[in-house]
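[1] Give me the fold of what follows.
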Amino acid sequence: MASGLGGFLINNWLAIGREQRKIFSDASKEFRGAFIEIQRLLEINPPRDPAHPPEGWQNANKLVRKFYKEHHSAIIGFEPFIPWHKKRCFRKCWHEYCCYDKEAGYETFSDYELRPNEEAITKRELALSRIKKLLKFARV
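    Okay, the predicted model is just below:
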């Protein structure tokens with residue numbers, strides 16, 4: 001009888017673990033999906049001739065701003081699935097991605113603005129690297 005009860009408890013515990021992993025996996029897929037399009041667009045090489053940019057090409061600042069609402073919604077939806085001990089780092093990565101200004105209390109996206117003698121590709125690579133940091137939290 002004791003071994004039957006022990007077996008039941010172990011099976012129940014394992015089933016709960018499988019269900020939690022499935023829920024996290026589904027949330028991770030949805031979170032990663034919110035960043036697919038911006039990753040694709042950021043990976044387009046900058047134009048050789050500024051008068052004729054490739055189709056879909058925009059500078060990093062415009063892209064990050066364009067997708068901000070979608071990404072912010074994804075952050076809000078995925079954050080409850082982040083373990084408590086990783087939430088602080090997750091928020092830090094999000095604030096770094098959107099260049100959050102603590103004093104002003106809002107996102108500035110200032111790191112993605114082109115300054116004189118800077119190349120657009122470096123800003124695009126910066127945005128991509130920050131997206132990849134966020135997506136590490138969604139690994140299955």
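[2] Only C-alpha atoms, please: export stretch 133-140 in CSV.
    The C-alpha trace of stretch 133-140 is given here as CSV (Å, rounded to 0.1, in the frame of the first residue of the first chain):
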residue,chain,number,x,y,z
LYS,A,133,19.8,38.4,-24.8
LEU,A,134,16.1,38.7,-24.2
LEU,A,135,15.4,35.5,-26.1
LYS,A,136,17.8,33.5,-24.0
PHE,A,137,15.1,33.6,-21.3
ALA,A,138,12.8,31.8,-23.6
ARG,A,139,15.0,28.8,-24.2
VAL,A,140,13.2,25.5,-24.1
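[3] pLDDT on it, on average?
    What stretch 133-140 shows for mean pLDDT is 89.
[4] In that stretch, which residues are buried?
    Neighbour-count burial for stretch 133-140 flags Lys133, Leu134, Leu135, Phe137, Ala138 (criterion: 16 or more other CB atoms under 10 Å). For every residue, glycine as well, the C-beta is placed using N, CA and C.
[5] Name the residues that touch it?
    Residues from elsewhere that reach stretch 133-140 (CB atoms under 8 Å, 6 or more residues apart in numbering): 24-25, 27-29, 31-32, 35, 75, 78, 82, 86, 90, 93-94, 96-97.
[6] now do 7 Å
    Applying CB atoms under 7 Å, 6 or more residues apart in numbering, the contact partners of stretch 133-140 are Ser25, Ser28, Phe31, Arg32, Phe35, Phe78, Ile82, Lys86, Phe90, Cys93, Trp94, Tyr97.
[7] Surely the last one touches Arg130?
    Yes. Under the criterion of CB atoms under 7 Å, Tyr97 makes contact with Arg130 at 4.2 Å.
[8] And the two? Which one has more around it.
    Neighbours were counted for Tyr97 and for Arg130 using other CB atoms under 10 Å; Tyr97 has more, 24 against 19.
[9] Would you check how far apart that one and Pro116 are?
    24 Å (CB to CB, to the nearest Å).
[10] where are the low-confidence patches of the protein?
    1-17, 46-57, 140 (pLDDT under 70).
[11] No further queries at this time; thank you.
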